[in-house]
Each structure stands twice: as C-alpha cells, then as structure tokens.
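Peer 1: just a sequence and a predicted model for now, questions to come.
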Amino acid sequence: MIHLGAMNGVIVDPSARRAVCGGGATWANIDAATQLHGLATPGGFISHTGVAGLPLGGGIGWLTKMAGLSCDNLVAAEVVTADSRIVRASAEENPELFWALRGGGGNFGVVTSFEFALHPVGPLVNLGLFFFGLDNGSEALQFARGFVKTLPTDATAFLAIGLSAPPAPFVPEQYRFRPGHALLVAGFGSAEAHREAVAPIREAVTPLFELVTPIPYVALQQMFNESATWGTLGYEKALYLDELSDAAIAVIGEHVPKKSSPLSFCPTFIMPGAYCTPGDADTAFGGSRSASYVFNIGAAALDRESYEADRTWVRNFWEAMRPHATGSGGYVNFMMEVDDDRVRASYGEAKYERLARIKAEYDPDNIFSLNVNIKPTPQAA
C-alpha cells in the first residue's frame with residue numbers, strides 16, 4: 001500500500017481508497033483525515049468512539065445502507081495474540097482469524113492496526129431532521145416505518161425515539177428538552193433531490209420543528225456527541241425487530257414518557273441496502289443480514305439518581321419489547337450485561353461454534369475474557 005496523506009495517526013491512500021489507523025484512533029480522526037479526499041468509511045454515530053471496538057463487533061452508522069457495516073469494510077488488521085505473536089489478518093493471511101475479527105469482538109487478541117476500505121462521501125451532505133411530540137408520536141412512527149422504505153439508495157434514515165429536544169439554535173425555545181421522536185434523513189446526493197425526498201414527511205405528520213440543510217459530513221458524524229460525553233453514566237440494552245409493528249409502537253408509547261434523564265433515548269437503526277448484501281456466514285457479525293431494525297434503549301445521565309432510575313427504565317422497557325423482537329439475541333456492541341445464552345443466541349449456534357474453535361486456536365486460556373465472551377472449544381484447546 002502506498003502511504004499518503006497522514007493525519008492524526010491515520011494514513012490515507014486516496015488512489016486505492018484505503019485508510020490505515022492504529023487501535024487508539026477515534027472515528028473523528030478517521031473522518032477528518034479521509035474527508036480531505038472526499039472519502040469515508042462507515043463509522044458509528046458518536047465520533048469520539050475509539051476505532052477498535054466498533055468494527056470488531058459490527059459497526060452501524062450513517063453509511064451502513066450505502067456501504068455496509070464497519071466490519072464489512074475492514075480489509076486487514078494487525079493483531080497481538082495471547083502468546084505475544086504479531087500476526088496480520090486478511091482474506092489472504094490467517095483468513096479464519098480475519099473472519100472472526102469482523103464481528104466476533106475482542107476475543108482473539110489486541111488489534112493494533114486497522115485497514116479500511118473507503119467510499120466517495122461529502123465533504124458536504126444533506127440533513128433533514130423532523131421532531132414530533134409524543135402527542136402524535138405513534139402516528140409519526142407508523143408513517144416513518146413505511147416512508148424509510150421509499151428513500152432512494154443515496155439517502156438513509158435514523159429514528160431517535162424518545163429523544164429530548166436539545167437546546168440547539170434551530171430548536172424553538174418552548175420545545176427545548178421536550179421529549180418526542182426525531183426522524184432524521186441523511187442524503188448523499190444533490191440538495192434538490194434531498195428536499196424532494198423529505199417533502200412527504202411534513203405533509204403526512206406535522207412536526208413541532210424541522211431542520212433541512214446542507215451539512216459537512218464530519219458534522220453529521222458529530223451530531224449525537226453531546227448525548228454521550230465523557231463522564232456520562234450510561235447503560236443500554238438492544239434487540240432486533242423485523243418490523244416496527246403497531247404492537248411495538250404501543251410499547252414505545254407506554255414506556256418513553258417514563259424516562260427520567262433528558263439524555264436517555266432509543267437510537268433506532270434501520271438496516272436496508274448494503275447491510276443486507278453479505279451472507280449471514282460471510283462475517284462473524286452476530287445478527288441476521290435481512291432488513292430490520294436495531295432498537296437500542298439507552299440510559300444516560302449526569303447524576304446517580306437519574307441514572308439508577310433510567311437503568312430500571314431500560315430493563316423494564318426491554319422486557320416489554322422482547323415479545324416483538326427477532327429471537328432473544330441482540331447487537332453485541334450494545335451488550336452491557338453479558339450471559340452465555342444471549343451471546344450464543346446473538347451469533348447463532350453454527351457461527352458461535354466456529355468462533356469458539358478459532359478462539360481455542362488463538363486464545364485457548366481465554367485471557368481475553370472481559371468482553372462479550374466467546375469461550376474456547378475445550379476439545380480444540
């Protein structure tokens with residue numbers, strides 16, 4: 001690889017559309033370096049997230065519909081194994097380890113270097129944000145589940161369910177901190193096409209306020225940073241939904257008003273397009289590759305009392321949503337309380353057993369266990 005355009009520890013080769021970074025980089029570092037060349041790789045929704053954890057467990061973000069998960073865009077990795085070896089993993093070198101790294105978490109070693117594929121994005125993109133109050137929240141969610149399926153391939157949507165309106169300049173003062181639901185649409189084509197794509201929203205359900213504007217891609221990546229600042233107390237549980245059914249929306253309507261902290265909400269990721277392109281067995285990612293929703297219930301608070309209240313809120317909300325979920329598994333990057341049954345359910349038996357065999361080869365004593373743990377197969381160990 002020809003190394004060009006080094007910035008903040010990220011090395012970009014724009015001609016090959018590749019970027020290399022160390023495990024200590026953040027997604028903000030990657031975004032800043034790659035956007036100098038009008039390129040990006042799928043990251044998460046919080047830009048100060050460290051690079052290492054996200055692709056190892058999957059990696060959902062604004063580009064998932066267009067380019068897949070972060071793990072789908074991992075081209076190679078350098079790994080320090082439990083026995084102190086330094087190995088390279090790619091499709092050609094140690095391919096079983098490479099397969100396991102793309103979704104199997106931090107079970108197989110310390111990843112010290114990542115190489116990602118890049119895609120043409122930005123530097124300006126388009127944003128449409130529509131905020132609905134809880135009084136017509138169910139109507140807005142019922143509309144949104146159909147609307148998102150009509151978006152063109154270069155536009156993607158995200159639902160911030162139960163979001164408290166931020167004290168931002170574009171939010172009318174009377175609505176600041178008011179809980180509701182936000183439908184966000186990011187467009188990667190022309191501004192005109194984006195305006196046409198979002199026009200049906202305000203015609204179908206009246207929002208309390210909206211923001212439709214061009215925005216730098218790096219700013220889009222930072223939109224939700226204030227919901228997860230360093231030092232915030234956090235707790236979350238997630239599950240997969242095949243559909244945002246009327247029954248699921250009824251549960252949302254019952255539980256959202258019970259949250260205590262304005263920072264708590266339910267980031268809901270819609271998973272069409274390139275997310276569905278790989279086969280379920282192509283990577284170790286623990287989730288079905290069929291179009292679905294990843295429904296995350298997140299508690300976030302700056303004080304202990306609100307945190308404890310909303311941790312209970314998350315657990316009760318999650319239990320109420322379970323009957324509407326796809327199985328008992330969930331997205332491993334959103335697991336905070338890990339038990340063996342949920343880990344197995346998330347990966348499925350065949351994928352879990354393959355991961356356990358690879359774990360036995362690279363970490364037979366389970367040194368890397370403080371994670372969403374995959375135990376090594378005893379026979380192989």
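Peer 2: It's in.
Peer 1: test my guess that residue 301 contacts residue 264.
Peer 2: Yes - between residue 301 and residue 264 there is a contact at 6.9 Å, judged by CB atoms under 8 Å. The way it works is simple: take the backbone N, C-alpha and C, and place the C-beta from them, glycine included.
Peer 1: common neighbours of these two, please.
Peer 2: When CB atoms under 8 Å, 6 or more residues apart in numbering defines a contact, the residues bordering residue 301 and residue 264 alike are residue 310.
Peer 1: out of the two, which sits in the more crowded spot?
Peer 2: Just comparing residue 301 and residue 264: by other CB atoms under 10 Å the higher neighbour count belongs to residue 264, 29 against 22.
Peer 1: residue contacts, that one?
Peer 2: Counting by CB under 8 Å, 6+ apart, residue 264 has contacts 162, 298, 299, 300, 301, 310, 313, 314.
Peer 1: out of these, which sit inside helices?
Peer 2: Using DSSP state H, the subset of the contacts of residue 264 located in helices is 310, 313, 314.
Peer 1: most neighbours among those residues, which one?
Peer 2: Counting neighbours by other CB under 10 Å, residue 310 leads those with 25 neighbours.
Peer 1: rewinding a little: got the contacts of residue 264 as TSV, with pLDDT and distance to residue 179 columns?
Peer 2: Output for the contacts of residue 264, formatted as TSV (pLDDT from 0 to 100; distance: CB to CB, whole Å):
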residue	pLDDT	distance to residue 179
162	98	6
298	96	14
299	96	14
300	96	14
301	96	14
310	98	12
313	98	12
314	98	15
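Peer 1: does residue 210 belong to a helix, a strand or coil?
Peer 2: strand (DSSP: H, G, I helix; E, B strand; the rest coil).
Peer 1: host element of the closest residue to it other than its chain neighbours?
Peer 2: The spatial neighbour of residue 210 that comes closest, neighbours along the chain excluded (CB to CB, 6 or more residues apart in numbering), is residue 130 at 4.8 Å. Element membership for residue 130 (DSSP states H and E) is strand 124-133.
Peer 1: got the CA coordinates for that strand in PDB?
Peer 2: What follows is strand 124-133, C-alpha atoms only, in PDB (Å, rounded to 0.1, in the frame of the first residue of the first chain):
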ATOM      1  CA  LEU A 124     -21.000  18.300   2.100                       C
ATOM      2  CA  VAL A 125     -24.000  16.100   2.600                       C
ATOM      3  CA  ASN A 126     -27.700  16.900   3.300                       C
ATOM      4  CA  LEU A 127     -29.700  16.500   6.500                       C
ATOM      5  CA  GLY A 128     -33.400  16.600   7.300                       C
ATOM      6  CA  LEU A 129     -34.400  16.500  10.900                       C
ATOM      7  CA  PHE A 130     -38.100  16.300  11.800                       C
ATOM      8  CA  PHE A 131     -39.100  16.300  15.500                       C
ATOM      9  CA  PHE A 132     -42.500  15.100  16.600                       C
ATOM     10  CA  GLY A 133     -44.100  15.500  20.100                       C
END
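Peer 1: now that strand: mean pLDDT?
Peer 2: Across strand 124-133, pLDDT averages out at 98.
Peer 1: list the helices and strands that strand packs on?
Peer 2: Applying 3 or more CB pairs under 8 Å, 6 or more residues apart in numbering; DSSP states H and E, one finds that strand 124-133 contacts strand 179-187, helix 191-204, strand 209-216, helix 217-221.
Peer 1: winner for burial among these?
Peer 2: strand 179-187 (a mean of 24; mean count of other CB atoms under 10 Å).
Peer 1: where along the stretch 251-381 of the chain do the strands fall?
Peer 2: 266-271, 292-301 (DSSP state E, counting those that start in this stretch).
Peer 1: what's the neighbour count on residue 229?
Peer 2: Using other CB under 10 Å as the criterion, the residues surrounding residue 229 number 12.
Peer 1: for residue 67, same thing?
Peer 2: 22.
Peer 1: shaky segments in the chain?
Peer 2: Applying pLDDT under 70 to the chain flags the ranges 1-8, 328-329, 379-381.
Peer 1: tell me the contacts of the nearest residue to residue 116 once chain neighbours are set aside?
Peer 2: Nearest residue to residue 116, sequence neighbours excluded (CB to CB, 6+ apart): residue 41, at 4.2 Å. When contacts are counted by CB under 8 Å, 6+ apart, residue 41 touches 19, 30, 34, 63, 67, 70, 73, 116, 117, 118, 119.
Peer 1: got it, and residue 94?
Peer 2: Contacts of residue 94 by CB under 8 Å, 6+ apart are 87, 88.
Peer 1: switch the cut-off to 10 Å
Peer 2: The contact partners of residue 94, by CB atoms under 10 Å, 6 or more residues apart in numbering, come to 76, 77, 79, 81, 87, 88, 100, 101, 108, 358, 361, 362.
Peer 1: quick one, domains of this protein?
Peer 2: 4-120, 124-334 (automatic domain parsing).
Peer 1: among the ones you listed, show me which one is buried the most.
Peer 2: domain 4-120 (a mean of 20).
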